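Asks: here are the coordinates; sequence isn't available:
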């Protein structure tokens, strides 16, 4: 009878060692390989990185006036802005879209937008747009910005 319990004890001990080795597999020892270095911001491409084909490209420069505040007869306010957009690149842009944004100075949130489809925008061309009205709150201060999107032909 003592032999059976001795064998059971050995089996349980071996079984325990087997379970322990499975549970700790890969946890002991060193692999000799150091951890991968954390990438620096310069080495990691931005989510806004765009890749474009080589060769002539459209490129845009923009300027916009300070928004002019106007009051309606009902007491509400609106702003007028004038913006200039120039294709400074060496290729035309297809499906150009000009987006004017009225931005609250305090919260830096967009209060109003106006989107203008500009179609083909040839290299070297300058277009001037006056946007009226951009609604806003009478007691707030705003500035304007312009964003240009386009396809490459």
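Replies: Sure thing, it's come through. Quick caveat: nothing in here was measured; it's all calculated off a predicted structure.
Asks: name the SS class of the residue lying closest to residue 55 once chain neighbours are set aside, please.
Replies: Setting aside the residues directly before and after it, residue 55 is nearest to residue 91 in space (C-beta to C-beta, 6 or more residues apart in numbering), at 7.5 Å. For glycine as for every other residue, the C-beta is placed from the backbone atoms N, C-alpha and C. Using DSSP: H, G, I helix; E, B strand; the rest coil, the structure places residue 91 in coil.
Asks: for residue 91, grab the count of nearby residues.
Replies: Residues lying near residue 91 (other C-beta atoms under 10 Å) number 15.
Asks: same check on the one 10 residues further on?
Replies: Counted with other C-beta under 10 Å, the neighbours of residue 101 add up to 21.
Asks: which SSE is it in?
Replies: Secondary-structure element containing residue 101, defined by DSSP states H and E: strand 93-104.
Asks: what do you get for residue 135?
Replies: Secondary structure assigned from DSSP H and E places residue 135 in strand 126-136.
Asks: where exactly do the helices run in the chain?
Replies: 2-23 (DSSP state H).
Asks: so where is it shaky, pLDDT-wise?
Replies: By pLDDT under 70, the low-scoring segments of the chain are 1-53, 153.
Asks: count the residues that sit near the closest residue to residue 105 other than its chain neighbours.
Replies: In space, and not counting its chain neighbours, residue 105 is closest to residue 141: 4.4 Å by C-beta to C-beta, 6+ apart. Around residue 141 there are 11 other residues, counting by other C-beta under 10 Å.
Asks: okay but residue 141 is in contact with residue 107, surely?
Replies: No. Counting by C-beta atoms under 8 Å, residue 141 does not reach residue 107; the two are 10.7 Å apart.
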